[in-house]
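Q: Need a 3D model of the following:
(one chain, ligands or ions: 1)
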Amino acid sequence: MNTPARLGAYAAGLGVIFLAALGAGTALGAGEPPRAEPRPVHGHPEPAAAPAHTDAGHAHTDAGHAQTDAEDAATTVPAGLQISQDGYTLVPRTTTLLPGKAADFRFTVTGPDGAPVTRYQVKHDKKLHFIVVSRDLGGFWHLHPEEAGDGVWTVRLTLPAAGTYRAYADFAPEGGPDLTLGADLNVPGAYEPRPLPAPDRTARVDGYTVTLAGDLTPGRVSKLVFTVSKDGTPVGDLEPYLGAYGHLVAIRTGDLAYLHVHPEEGAAAAAGVTFAASAPSGGDYRLFLDFKHGGTVRTAAFTVHAETAGHSR
Ligand SMILES: [Cu+2]
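A: Reported below is the predicted structural model:
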């Protein structure tokens, strides 16, 4: 397969590419404390943020048949909803953690033969990417577990407060499909879910302002452009993070399904970071944009409302 076709096909793996692209984990790796929770942002949408749909579908031209499968929301289960798929199963050693207490979280992925998978394809420098969100979407972690050759993955994990969390393992077994399997984790105690922040096109984190242009439209590929500025000046020297200038996780509220999102090729840091996203339905989505500047990876979080199909524009 040529490079565009290969990239396209694996981009179509329901979010695998953007999950995989999420990073080397320099700021988030095992043994380090989880990143601070994204700050909820309240405010008003910026009407000036222009949707840009002109070549939204363009990036998928090379995706071939895999694209059709991934984008056929009517018949394809979105990523992240299943603990077992295509013969592969995510098997956590424990699903309960104590609030605020660091623990070595262990899990295996069993294959069609029932044995732990030990051979993985390397995607964006990692064999497996591990994402955790709180069920209320107020917390987000992107970690890179270690595996010693026996198929047992270990990652230092601290979940800060009582509640239910969704953990996702994003990987591709050698000779197998791209998969994102999900499992719930529990932290006992009194749980106070936070409401989802209102839709907003601007997020602030550590003195940076990140602005979103573009809309999510169910049933089609939507272009999302994020622009990062600091002190009123656009940041033109965003640092590559596993080959891209930013990385996006998008999750549907209600069931925590993943959107199919991937970075647009050739997106320039100075002009913002561009992604193509496929929303499987109308409703609210929470977007977590990772960007790297000054050697630090930060996360900007947005709530985006996708109009129900047939009602937009
Ligand atoms: Cu990762």
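Q: Please count neighbours and contacts with C-alpha atoms only from this point.
A: Will do.
Q: residues from the stretch 101-250 of the chain in reach of the ion?
A: Within the stretch 101-250 of the chain, the residues that sit near the ion (Cα under 5 Å from the ion) are residue 129.
Q: at 6 Å what do you get?
A: Residues of the stretch 101-250 of the chain lying close to the ion (Cα under 6 Å from the ion) are 129, 144.
Q: Report the closest residue of the stretch 101-250 of the chain relative to the ion.
A: Across the stretch 101-250 of the chain, no residue is closer to the ion than residue 129, which sits at 3.9 Å (Cα to the ion).
Q: beta partners of that residue?
A: Beta-bridge pairing for residue 129 (DSSP bridges): residue 170.
Q: got it, and residue 156?
A: Applying DSSP bridges to residue 156 yields these beta-bridge partners: residue 104.
Q: Relative to its centre, which residue of the protein is most distant?
A: Going by Cα atoms, centre = their mean, the residue of the chain most distant from its centre is residue 113, 29.0 Å out.
Q: Could you report the pLDDT at that one?
A: With respect to pLDDT, residue 113 has a value of 97.
Q: Tell me where the model's unsure across the stretch 51-200 of the chain.
A: For the stretch 51-200 of the chain, the stretches with pLDDT under 70 are 51-75.
Q: Which stretches in it count as helices?
A: 65-71 (DSSP state H, counting those that start in this stretch).
Q: ok, which stretches of it are strands?
A: Using DSSP state E, counting those that start in this stretch, the strands of the stretch 51-200 of the chain run over 84-85, 88-92, 103-110, 128-134, 140-143, 146-147, 152-157, 163-171, 179-187.
Q: For the ones you listed, give me a markdown table that also has mean neighbour count and distance to residue 209.
A: Formatted as a markdown table, the strands of the stretch 51-200 of the chain follow (neighbours: other Cα atoms under 10 Å; distance: least, Cα to Cα, whole Å):
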| stretch | mean neighbour count | distance to residue 209 |
| --- | --- | --- |
| strand 84-85 | 18 | 39 |
| strand 88-92 | 20 | 37 |
| strand 103-110 | 19 | 33 |
| strand 128-134 | 23 | 22 |
| strand 140-143 | 25 | 19 |
| strand 146-147 | 18 | 33 |
| strand 152-157 | 21 | 28 |
| strand 163-171 | 23 | 28 |
| strand 179-187 | 22 | 30 |
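Q: Would you format the ones you listed as a markdown table with distance to residue 306 included?
A: Below are the strands of the stretch 51-200 of the chain laid out as a markdown table (distance: least, Cα to Cα, whole Å):
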| stretch | distance to residue 306 |
| --- | --- |
| strand 84-85 | 27 |
| strand 88-92 | 30 |
| strand 103-110 | 33 |
| strand 128-134 | 21 |
| strand 140-143 | 21 |
| strand 146-147 | 37 |
| strand 152-157 | 32 |
| strand 163-171 | 22 |
| strand 179-187 | 23 |
